[in-house]
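**Q** Structure, please.
(2 chains)
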Amino acid sequence: MTYKKLMVLFLFTLPLLTSCYDKIELEQQSYVVALGIDKGEDKGSYTFSFQIANPEVGSTMATAGSSEEPKETVSILGSDIITATSLANSFVTKKIMLDHMKIIVVSEEVARSEGFIRVIQSASRIPQIRGSVQIVVSKERASQFLKKNKPTMETRPHKYFQYMLQRAQQTGIIPDADIHRFFQITEGDADLFLAIYATTMKEENKTNTKKDHDYLAGEIPKQGGNPTQFMGSAVFKEGMMIDTLTGEDTRLCNILDKTVDMDELFVSFPDPIKPTYQVGFNYAQSSEPKVNINYDNKANHASIDVVVPFELEIIAIPSMVDYALNQDEQNQLIQKFEQTIEAKTNQLITKSQETYGSDPFYWSLYIRKFFKDVPAYEKGDWNKKIFPNAAIHVDYQLKRLTFGKMINDSKIEEVRD
Amino acid sequence: MIQSKKTRSKKTNSNKKTAINPNTKEQIESLKQLFSAEINKDFCHRTVFVNFNKKNAYLFYYSSIVNSDKIEQAIVRPLLEHDGETYENVLTNESFKIIDTLEQVIDHINSGKVVIFSEGEAVAYSLDVAQFQHRNVSPSANESVVRGPQEAFTESLHVNISLIRKQIRDKQLITTASTVGKRSKQDVTLIYIADLVNKEVLQDVEERLRDINTDNVRNVELLEQFLEERPYSIFPSIYYTERPDNAAAYIEDGHIVLLMDSSSACLILPVTFFTFFQSPEDRYSRFMFGNFSRIVRIIGFYLTTMISATYVALANYHSEMIPLDLMLAITSSRERVPFPLIIEVLIMEVAFELIREAGIRIPSALGPTIGIVGALILGQAAVEANIISPIIVIVSALSGLTSFAISDVSLNYTVRITRFMFIIAAGFMGMLTLMGALLLWIMYAASLKSFGVPYLSPVAPTFRSPKDTIFRKAIRNEHFRPGQLRPKDMRKK
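**A** Numbers count the residues shown, from 1 in each chain, chains lettered A, B, ... in the order given. A predicted model of the protein is given here:
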């Protein structure tokens, strides 16, 4: 054989050695949509629940899988996420892939324990888990949460989580809580991280006195539908859950935090003239809030001025007070609204200053520029010294008030004569 | 710019010349023997008693390639009846020639001329009465356009040249002929505009034509393979077109066109990658419309080379990049398929190529069959039999159909071969090897030259040009000729 022929033979056999290194066919993998983390029996051991999507349900292939479940939830004891997947292969047929995981559900028990950050740590180490996976804290055990969650409209589980979280985040009742943000805030060691709070358990004995969105998951008086409720947030300080915030407080956090996008939300609050009725608004955050920090280097004291410009569209006035044309009544309405929301915000800020000792608004971003370097910033100590003692003033400013497509309501006196 | 060509050991042409024997009796006997007159049925020899010098004249020709009326009118009758002093006076045809070697005699008879021997003379007279049979000018079949001239070249040099001259009325439009072939001598006509064309390129082409060392080059399709620099390359380096308007457009830019008597197409050189990418209709359509179809062609080019390979790479190595809904759909349909995904893709791609090849070769009466059988096999049946998954039908149909957006036949083959290379490359290590293969492919294209012109010019390396590469400018804003050709006159105005 000539040299040329040998070369060709060599070149063609060389690729065989690569043996298609990490090639894997699609049907040889199981796709985990949700991962649940619960406490195990011993210290340092956990129960991992994998919710696996069944690809045959929901496909157009008429013959296949129509009687099968859309998902399978398996739980297994282990010390970390990846080793648990290989153990799970003793009864799951295919390789368990975490690439397409949408959420990690952590039971409140684990979240409040010191061990949470230890078990979630491996999520940052393995490339399989995306940074965009959302962290959900469930009131009950995570395995129970995943099993009881039975969406009726969306058969495929990943679709349910995708739409559910997307819409709830748009309305601001749950925070944006991806894993990347968790590590960012936790390692920044200055602010509070908000995780999504959810449950499938219903609180029966709660008195129905709450108004608007001031609920936590499980408290919403509702009938029918999926038992799962996503509402409010779990507050994490230094990688440990310390408290919960209601949907309304979570909204305020989303408004004040510039790093979170929120488009619009519907709110109702008591009518200032006829307090038995509620007025319905469409609140729109047209431009970002302005966070202005003045920092006194010597006293290590900061004063924070926040201006929140917003727009309102009135969508319902059941009291039929003529807010549209009567300027006095309109001013009253606006004032009342601004007062109410400012009071609520101040309440939340006071709570975070006094109880939490840190802020859930990611405001440490704006103080950093006053320090020369990282050690100086760490010495200044945002969450122990600066923020709890800061003078904070929040000002909501109405930029535009609209009344929908019709200005006048029906004249109630003329209708009922 | 012009590459120094390999100095080929030039075979000294056997240019020995045999004078014509003044003893005409002997001469015509040897000639008859040379042409095997006894068994060669269409070889004619006639004897005419010439009126003006009262001597015999002997006519030789091939009856199949001459116009016999013309022989009667222009040769036989004048010889029999007219008075005069010499043959030149009597035979007033414009192609009258006096020849004096036997080799010339043979050439002239072979190319459809009548050769006349007069008794006792050491010269012969030749008149062109050739009438080779050919088709009429018909619409272009393989490069059809909606907007633009419809006529295509036909298998006649005279007609073809006339089709070109019709569009370029320029006194500098030159048609020169060189002969190729050792045994059967064929004319290759070079057409160019003398005060535009780059002399070095022209010399290079003429030299290569001279260097062709073979018995017979029957047509331009074969000529292309004798001329090109790299016969094993997957990229074409000579543009082949059957449209005279296309040829005229390239001549006006300073290219050279080669024509032969027996081909209904021409060769254009030197060319670049973008020549093959373009269609004449891009220029006939208005600026917006032409560029729109260029965009469509780019998308088609990308899809046909990359889509199958990308699918293989994503599904086998990067499943996290596929949206979960799509992936679950693929997974569920693949659960009952016995083959690995890359085999599935290859099965469908090969099936498509088979149907395509069969569609070209099948007698036109059977044409509809291929459509029915093809659609059945490629479509429903294969999916229902669980041999392939439905998404493969979409992928391969897309990559097969988009390949038709590449109108040029030569580049079309390039693209189809490339597709298979990319699929196999993607099968080794996914996107990593696919991108590696793409890179090598582009590097190889960049290394090529067509008659000294870099293959990816005027983009890389950059040249001043009419900016008609991927997109084109408005025609009235095109100021220059393609700079990579180094034409004598750069400006178009």
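**Q** how about the strands in the stretch 251-400 of chain A?
**A** Remark: strands assigned in the stretch 251-400 of chain A by DSSP state E, counting those that start in this stretch are A:264-270, A:278-284, A:290-296, A:301-316, A:391-402.
**Q** could you check the angle strand A:391-402 makes with the second one?
**A** With axes from the mean of the first three to the mean of the last three C-alpha atoms, to 10 degrees defining the directions, strand A:278-284 sits at 100 degrees from strand A:391-402.
**Q** Same check on the longest one?
**A** Following the same axes, to 10 degrees, one obtains 20 degrees for the angle between strand A:301-316 and strand A:391-402.
**Q** Next: the third one.
**A** Strand A:290-296 and strand A:391-402 meet at an angle of 160 degrees, taking the same axes, to 10 degrees as the criterion.
**Q** Please name the residues that touch the residue nearest to residue B:275 when sequence neighbours are not counted.
**A** Distances taken as C-beta to C-beta, 6 or more residues apart in numbering or on different chains put residue B:239 closest to residue B:275, at 5.1 Å, once the chain neighbours are dropped. The way it works is simple: take the backbone N, C-alpha and C, and place the C-beta from them, glycine included. Residues touching residue B:239, when contacts are defined by C-beta atoms under 8 Å, 6 or more residues apart in numbering or on different chains, comprise B:250, B:267-269, B:271, B:275-276, B:408, B:410.
**Q** Mind listing the residues bridging to residue B:239?
**A** According to DSSP bridges, residue B:268 are recorded as the beta-bridge partners of residue B:239.
**Q** do residue A:34 as well
**A** Beta-bridge pairing of residue A:34 under DSSP bridges involves residue A:51, residue A:103.
**Q** That one contacts residue A:104, doesn't it?
**A** Yes: using C-beta atoms under 8 Å as the test, residue A:34 is close enough to residue A:104 to be in contact (7.5 Å).
**Q** need the strands of the stretch 251-400 of chain A in TSV with mean neighbour count and distance to chain B, can you?
**A** Converted to TSV, those look like this (neighbours: other C-beta atoms under 10 Å in any protein chain shown; distance: least, C-beta to the nearest C-beta, whole Å):
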stretch	mean neighbour count	distance to chain B
strand A:264-270	17	27
strand A:278-284	18	31
strand A:290-296	15	37
strand A:301-316	17	34
strand A:391-402	14	38
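**Q** nearest to residue B:22, of those strands?
**A** Relative to residue B:22, the nearest member of the strands of the stretch 251-400 of chain A by C-beta to C-beta is strand A:264-270, separated by 110.8 Å.
**Q** which secondary structure elements does that closest one contact?
**A** In terms of contacts (3 or more C-beta pairs under 8 Å, 6 or more residues apart in numbering or on different chains; DSSP states H and E), strand A:264-270 is packed against helix A:157-171, strand A:278-284, helix A:327-351.
**Q** Can you get me the start-to-end distance on stretch A:219-233?
**A** Start to finish, the residues bounding stretch A:219-233 are 13 Å apart (C-alpha to C-alpha, to the nearest Å).
**Q** Could you pull out the buried residues of it?
**A** Neighbour-count burial for stretch A:219-233, with 16 or more other C-beta atoms under 10 Å in any protein chain shown as criterion, is recorded at A:219-220, A:228-233.
**Q** Kindly report the same for stretch B:323-339.
**A** With the criterion 16+ other C-beta under 10 Å, stretch B:323-339 contains buried residues B:324, B:327-335, B:337, B:339.
**Q** got the residues of the stretch 151-300 of chain A near chain B?
**A** With the criterion set to C-beta under 8 Å from any C-beta of the partner chain, the stretch 151-300 of chain A comes near chain B through A:156, A:158-159.
**Q** if we go to 6 Å?
**A** residue A:158 (C-beta under 6 Å from any C-beta of the partner chain).
**Q** Tell me how far the residue in the stretch 151-300 of chain A positioned nearest to chain B lies from residue A:36.
**A** Across the stretch 151-300 of chain A, the shortest distance to chain B (C-beta to the nearest C-beta) belongs to residue A:158, at 5.2 Å. In this structure, residue A:158 and residue A:36 are separated by 15 Å, where distance is defined by C-beta to C-beta, to the nearest Å.
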